[in-house]
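A.B. asks: below are the sequence and a predicted model for it; my questions follow.
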Amino acid sequence: MNIKHADLIDRIVSTVEKTLETKLSSFEQSRLHQALMKSIDAPPWGHSSPQSKQLTILLSDLRGFTALSECHPPEVVIELLNSYFTPMCEIIYRFGGTIDKFMGDSVMALFGLPESREDDLARAIACAVEMQKAILDINAQNSLRGYPRLFMGIGINTGEVIAGELGSELHHEYTVIGDEVNLACRIEAYSLRGQILLSEHSRQLAASYVTCGPANRVVVKGKETPVNLYELLATTTPRYLEVPRMDARKSPRIEVDFPITFQILADKVVPQEHHEGRAVNLSYHGLHAYLPVNLHSLSDIRITLSTSLMSKQSSYIYAKVLDSQPEEEGWLSRMEFTRIDDSGQAAIKNYIDQVVSQK
């Protein structure tokens, strides 16, 4: 957006406020700015020239929402999504991001479009932290209404993309494409509940103001060599912000011994083939189990617990494998639950609490 456009937008906002005889809030001004920028900067269909741009892509997605939506009526699912999207959009606008698209329960936001700024990455990172903090408030409200809690994963990547119009005369949109966009999608897919993952490039650019966990080397689709992903812990720009820790990582753990049945998901599709394993350690939001197969880090599986602990209505648990190591009894895999319904979660918590209280 050039200076002439910026002056024009400021004059339009001022005119709107005078017409309404009120002062717009910062969020209302941001939304108006977003709409005006899109209308001014998006070139007319058929006359656009694709251009390369350096920007930061933020992609967020609700963990296990597909499974959750199967357990609730459509009106509840829509209400849950709207109560989630509203604050997320407000936060993205507040940090100067542009919402590129919604994809089911995912949001793709861009920092650096239509104009690039030196602090695009810093604002994207701070935005992601605020989004994870907002989930805590959303879940507090959901609990009051008897709705399930939501958990979100976020992936951030910075790089060169192609920006331009895609589609046809019947439908088209101004968006971005390229390898860096694809990588952002892959990074987000690896994020656990409550996590923010940065690409190697983003972490390097933000090294002076972020604190990250150790590198997690993973294989992503479309890349010949493994890539390093980093869990964001905190940022000091524009002020100190710490990523809230999920209660999944604060749970007591107990030793157990019961069988599990699991299926290995491929692109979120549950196959017919089943495998048998044995759980040996359980927490509120994860377990350790001996498995007959070696699953690579961050594989997605669906588990059935063959125990009276779970009811028939809450037998399926979706989980992500954190790591696996060879043992005499097979592969010892650590995993974190990504989706479990409230009754199942309560059953596991009550079981663990009873065991802990008897020690």
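C.D. replies: Alright, I've got the coordinates. Not measured: the values here are computed from a predicted model. Numbers count the residues shown, from 1 in each chain.

A.B. asks: contact partners for residue 106?
C.D. replies: 59-62, 188 (C-beta atoms under 8 Å, 6 or more residues apart in numbering). (Glycine included, C-beta is placed from N, CA and C.)

A.B. asks: 10 Å instead?
C.D. replies: Contacts for residue 106 (C-beta atoms under 10 Å, 6 or more residues apart in numbering) come out as 59-62, 65, 152-153, 185, 188.

A.B. asks: repeat that for residue 223.
C.D. replies: Applying C-beta under 10 Å, 6+ apart to residue 223 gives the contacts 179, 182-183, 186.

A.B. asks: among these, name the buried ones.
C.D. replies: Neighbour counting by 16 or more other C-beta atoms under 10 Å classes 182-183, 186 among those as buried.

A.B. asks: closest one of the residues you listed to residue 239?
C.D. replies: Here the nearest of those to residue 239, counting by C-beta to C-beta, is residue 183; it sits at 28.6 Å.

A.B. asks: can I assume the closest one sits in a helix?
C.D. replies: Yes: according to DSSP: H, G, I helix; E, B strand; the rest coil, the state of residue 183 is that of a helix.

A.B. asks: in the stretch 151-300 of the chain, which spans are strands?
C.D. replies: Remark: strands assigned in the stretch 151-300 of the chain by DSSP state E, counting those that start in this stretch are 152-167, 172-177, 196-199, 210-212, 216-218, 227-235, 241-242, 254-264, 275-283, 286-291, 300-305.

A.B. asks: which parts of the first one are buried?
C.D. replies: Within strand 152-167, the residues that qualify as buried are 152-159, 161-165, counting by 16+ other C-beta under 10 Å.

A.B. asks: kindly report the same for the second one.
C.D. replies: Within strand 172-177, the residues that qualify as buried by neighbour count (16+ other C-beta under 10 Å) are 174-176.

A.B. asks: can you add distance to residue 53 and pLDDT and give these back as TSV?
C.D. replies: Output for the buried residues of strand 172-177, formatted as TSV (distance: C-beta to C-beta, whole Å; pLDDT from 0 to 100):
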residue	distance to residue 53	pLDDT
174	12	77
175	12	84
176	7	88
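
A.B. asks: which of these lies closest to residue 194?
C.D. replies: Nearest to residue 194, judged by C-beta to C-beta, of the buried residues of strand 172-177 is residue 176 at 26.8 Å.

A.B. asks: residues contacting the closest residue to that closest one other than its chain neighbours?
C.D. replies: Of all residues not flanking residue 176 in the chain, residue 161 sits nearest, at 4.3 Å (C-beta to C-beta, 6 or more residues apart in numbering). Residue 161 makes contact with 51-57, 110, 112-113, 175-181, 184, according to C-beta under 10 Å, 6+ apart.

A.B. asks: give me the beta-bridge partners of residue 336?
C.D. replies: On the basis of DSSP bridges, residue 336 is bridged to residue 286, residue 320.

A.B. asks: what residues go with each domain of the chain?
C.D. replies: Split into domains by automatic domain parsing, the chain comes to 49-244, 248-357.

A.B. asks: may I have the distance across the longest one, first residue to last?
C.D. replies: What it means is domain 49-244. This stretch, domain 49-244, spans 42 Å end to end (C-alpha to C-alpha, to the nearest Å).
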